[in-house]
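**Student:** next come a sequence and a model predicted from it.
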Amino acid sequence: MKNKNLLITILIIVLSLWSILPILQPGFFPMHDDTQPARVFEMAKSLKAGMFPVRWVFDLGYGLGYPIFNYYAPLAYYFGATFVLLGFDAITASKIMMGTGILLSGVFMYLFTKDLWGKLGGIVSAIFYVYVPYHAVNIYVRGAVGEFWAYAFIPLVFFGLTNIFRTNKLRYVLIGAAGYAGVVLSHNLTALIITPLVIMYVFCLSVLAYRGKKYRKIHQLIAVVVLGFVLSAFYWLPALAEIKNTNVASQLSGGSDFKNNFVCLNQFWNSPWGFGGSTAGCIDGMSFIIGKAHILVSILSAIAIIALIFLKVKTRKTYFALGAFAVFIGSIFLMTELSFPIWKSISPMQYLQYPWRFLNITAFSSSILAGLLVWVLGKLFRKNALRYQIHMALFLSILLLFLNVKYFNAQKIIRVDESYYTSDFNLKWRISKISDEYLPGNISKPKTAEDALRNKIIFSFKETPIERFSDYISVAGILALIAGIIYAQRDAKHKKTS
């Protein structure tokens, strides 16, 4: 069984390779957030200096030093910096970082959905999750590394929660907590989006566990969220406590104001592909399509759910699919101007800046529903069910790849070496100008590159009391995680011997 799952995992990675082909080419490609190799390089430089956790880097902030990793989720950059420390150049390390984040999304989605829809359904859900058009936007248009790393961890959270309910095993608490911490440490805004979904899912599973008088499961479900928060406290606690010391509030107005970034309904089906930005109205420089294949499977799944209910096949999986469809519709609603009163009344949502970030949720829910279409054939057609399921899986996979592979391409490949991102000029001027919102508001920014190159570091990276306190909390979480792993292994050995 383990060998079979390993082979399927390899198959998913192979089927996902088209999504990373531009990354495998020599050189690099331009993107909105064209800072990735520089950030990986600076993370490695801070680690070399003995800083851990890394909150502050030396050369950004126009040469003044910059507290980027105190506020910008650091997990992907720790991973990338590891390869710089191993001797890779910053561009190669960044490519490894990006490719890993992309491929993990399919692997983790398969882990989650194989227990719902079977292995064939899990494969279909996995590749639908990889080849979502918005996934391509985040990789090749926006360069939103943190966001697509968080996207990869979302299924792992729900995998842990679902299997706690199914099996009551401790290891799924640890997996779910690690997944949730992975989302928080990869992209805080994605964590803000999925946390309500996680809480709703925990509540629904807890109600079922309560009805079955399985109270231990309730504690374990809640423990996933609590432990996930504890493990990531070294990042989110100082970020929340010290955000007032930065100029990040300036990012909530103008082009980043949520009011200027709602999506028109027709854009979900057909909006031109581009490498520009988001603007007010229905004509943007980037695309917000959900994906024709993803919309199609969502509509077909709604029909399938109705058929299951009509035929009285009312299993928990049927109601789970109904919930996934409701999430799909709800996420579309939150991206349109119809949801303006909600955005206006719930002020934390305004930090999301762009309502179209909920495309992550339409991607997650519609990919789950793609696997449902394979599973449901086994319920509707008892005779020759496997043959029908294989045909459906092949049809959906071919349709998906035919429609969506073309989006996973860079605007152009530029033949540059590491210095394009890591020279003094680029770090202290060109890259610093792309992201400077975490500087204190009273800092006078240099007017020219010459001024920036003359700047000397003025910030100290000595930790504040709140930062030290958050470190202790996360260390306690890590110790709890290690203790849980040891206990789970001993428990498994005990069950085998008995």
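**Tutor:** Yep, it's here. Residues are numbered from 1 along each chain as shown.

**Student:** dihedrals phi and psi, residue 57?
**Tutor:** Here is the backbone geometry of residue 57 (degrees, to the nearest 10): phi -120, psi 160.

**Student:** what's the answer for residue 66, then?
**Tutor:** Phi and psi for residue 66, reported as degrees, to the nearest 10, are phi -150, psi 130.

**Student:** that one: what's it in contact with?
**Tutor:** Contacts for residue 66 (C-beta atoms under 8 Å, 6 or more residues apart in numbering) come out as 56-57, 59-60, 432, 436, 438-439, 459. C-betas here are computed from N, CA, C, even on glycine.

**Student:** repeat for residue 325
**Tutor:** Counting by C-beta under 8 Å, 6+ apart, residue 325 has contacts 298, 301-302, 305, 365, 369.

**Student:** how close does residue 196 get to residue 44?
**Tutor:** 36 Å (C-beta to C-beta, to the nearest Å).

**Student:** neighbour count: those two, which is higher?
**Tutor:** More neighbours surround residue 44 than the other of residue 196 and residue 44, with 24 against 9 (other C-beta atoms under 10 Å).

**Student:** element containing that one?
**Tutor:** helix 36-48 (DSSP states H and E).

**Student:** what's the first helix or strand after that helix?
**Tutor:** Per DSSP H and E, the first helix or strand lying C-terminal to helix 36-48 is helix 68-71.

**Student:** what lies in contact with that next one?
**Tutor:** Residues from elsewhere that reach helix 68-71 (C-beta under 8 Å, 6+ apart): 39, 42-43, 46, 53-57, 60, 77, 238-239, 242-243, 246, 248, 435, 438, 467.

**Student:** out of these, which are buried?
**Tutor:** When the contacts of helix 68-71 are checked for burial by 16 or more other C-beta atoms under 10 Å, the buried set is 39, 42-43, 46, 53-57, 60, 77, 238-239, 242, 246, 248, 435, 438, 467.

**Student:** the helix holding residue 44 - contacts with which helices or strands?
**Tutor:** helix 68-71, helix 75-85, helix 90-130, helix 419-422 (3 or more C-beta pairs under 8 Å, 6 or more residues apart in numbering; DSSP states H and E).

**Student:** let's have the ones you listed in CSV, adding distance to residue 185 and mean pLDDT.
**Tutor:** CSV is the format used below for these (distance: least, C-beta to C-beta, whole Å; pLDDT from 0 to 100):
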stretch, distance to residue 185, mean pLDDT
helix 68-71, 10, 92
helix 75-85, 4, 97
helix 90-130, 12, 96
helix 419-422, 23, 92
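
**Student:** ok, which of those comes nearest residue 139?
**Tutor:** helix 90-130 (6.4 Å; C-beta to C-beta).

**Student:** can you give me how far that closest one is from the chain middle?
**Tutor:** 11 Å (C-alpha atoms, centre = their mean, to the nearest Å).

**Student:** kindly report the same for stretch 300-319.
**Tutor:** With C-alpha atoms, centre = their mean, you get 29 Å for stretch 300-319.

**Student:** pull the residues that contact it.
**Tutor:** 116-117, 208, 321-322, 324-325, 369-370, 372-373, 375-376, 379-380.

**Student:** which ones among those residues lie within strands?
**Tutor:** Using DSSP state E, no member of those falls in strands.

**Student:** buried only: go through those residues for me.
**Tutor:** Members of those classed as buried by 16+ other C-beta under 10 Å are 116-117, 321-322, 324-325, 369-370, 372-373, 375-376, 379.

**Student:** from residue 143, how far off is residue 23?
**Tutor:** Going from residue 23 to residue 143 by C-beta to C-beta gives 12 Å.

**Student:** next, the buried residues of the helix or strand residue 163 falls within.
**Tutor:** Under the criterion of DSSP H and E, residue 163 resides in helix 145-167. Residues 145-165 are the ones in helix 145-167 that count as buried (16+ other C-beta under 10 Å).

**Student:** with stretch 300-310 instead?
**Tutor:** Quick answer for stretch 300-310 (16+ other C-beta under 10 Å): 300-302, 304-305, 308.

**Student:** repeat for stretch 471-480
**Tutor:** Here stretch 471-480 shows 471, 473-474, 477, 480 as buried, counting by 16+ other C-beta under 10 Å.

**Student:** list just the nearest of these to residue 422.
**Tutor:** So of the buried residues of stretch 471-480, ranked by how close each gets to residue 422 (C-beta to C-beta), first place is residue 471, at 28.5 Å.

**Student:** tell me how far that closest one lies from residue 237.
**Tutor:** Residue 471 is 9 Å from residue 237, by C-beta to C-beta.

**Student:** over to residue 221?
**Tutor:** Remark: distance between residue 221 and residue 237 (C-beta to C-beta) = 23 Å.
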